[in-house]
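In: 3D, please:
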Amino acid sequence: MELRGKLEQYCDLLQEVKVLRERINKLQKTIEGMEEDGYVVSDAVKGTKAYGMYGSITITGFPYPEYADCRRKLRDRVDKLTDKEKQLFDALSEVDDYINAISDSKLRQVFTLRYLDERGLAWHQVANIMNSRYDKRKKAFTGDSCRMMHNRYLEIKGAKKNKRSNDE
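Out: This is a model prediction of the structure:
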């Protein structure tokens, strides 16, 4: 898979892991609420009471089926998270190898800031960091200049790969 595809897959996996962690946290809070608050469900039905009179009866109790279902969902989600984190680690290793293979130092720093160190910085944030690193530079980095350096490199890599495929 080419670099652009690896980067996209890595970013997608990052987002997927983030969403899955949020879902796990929400489910854990639900379970903790059930356990701590003595979560009770109740229902009102009409029927004959113990002393023989017909009327409204309130039934209360702990929702064991719902609790067990939440615990099962939590285990399933934690298992999924473990699998996704392994995939993310593998993707991170591949992306790191690709980025370290870039010969231009500034370009490598842009890729590293965008994908590895700060994960998901906006282009203007990448430019600000690059400007702080190269404060003596005559022409300042902008968000657009960093984005275009990134895109041009990916286009060149893609064109070289396509040329090699066509030559074969």
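In: And the helices in this structure?
Out: Per DSSP state H, the chain carries helices over the ranges 3-36, 64-100, 105-111, 123-133, 143-167.
In: Which of the ones you listed comes out lowest on mean pLDDT?
Out: Least confident of the helices of the chain, judged by mean pLDDT, is helix 143-167 with a mean of 76.
In: Might you report the residue contacts of residue 81?
Out: 17, 20-21, 24 (CB atoms under 8 Å, 6 or more residues apart in numbering). For the C-beta atoms, the positions are set from N, CA and C on the backbone; glycine is no exception.
In: rewinding a little: next, format the helices of the chain as TSV and append distance to residue 49.
Out: Converted to TSV, the helices of the chain look like this (distance: least, CB to CB, whole Å):
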stretch	distance to residue 49
helix 3-36	29
helix 64-100	25
helix 105-111	74
helix 123-133	68
helix 143-167	73
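In: my read: residue 141 touches residue 132, true?
Out: No. Taking contacts as CB atoms under 8 Å, residue 141 lies outside contact range of residue 132: 9.7 Å.
In: who has more neighbours, those two?
Out: Using other CB atoms under 10 Å, the more surrounded residue of residue 141 and residue 132 is residue 141, with 22 against 9.
In: Could you measure from that one over to residue 20?
Out: 34 Å (CB to CB, to the nearest Å).
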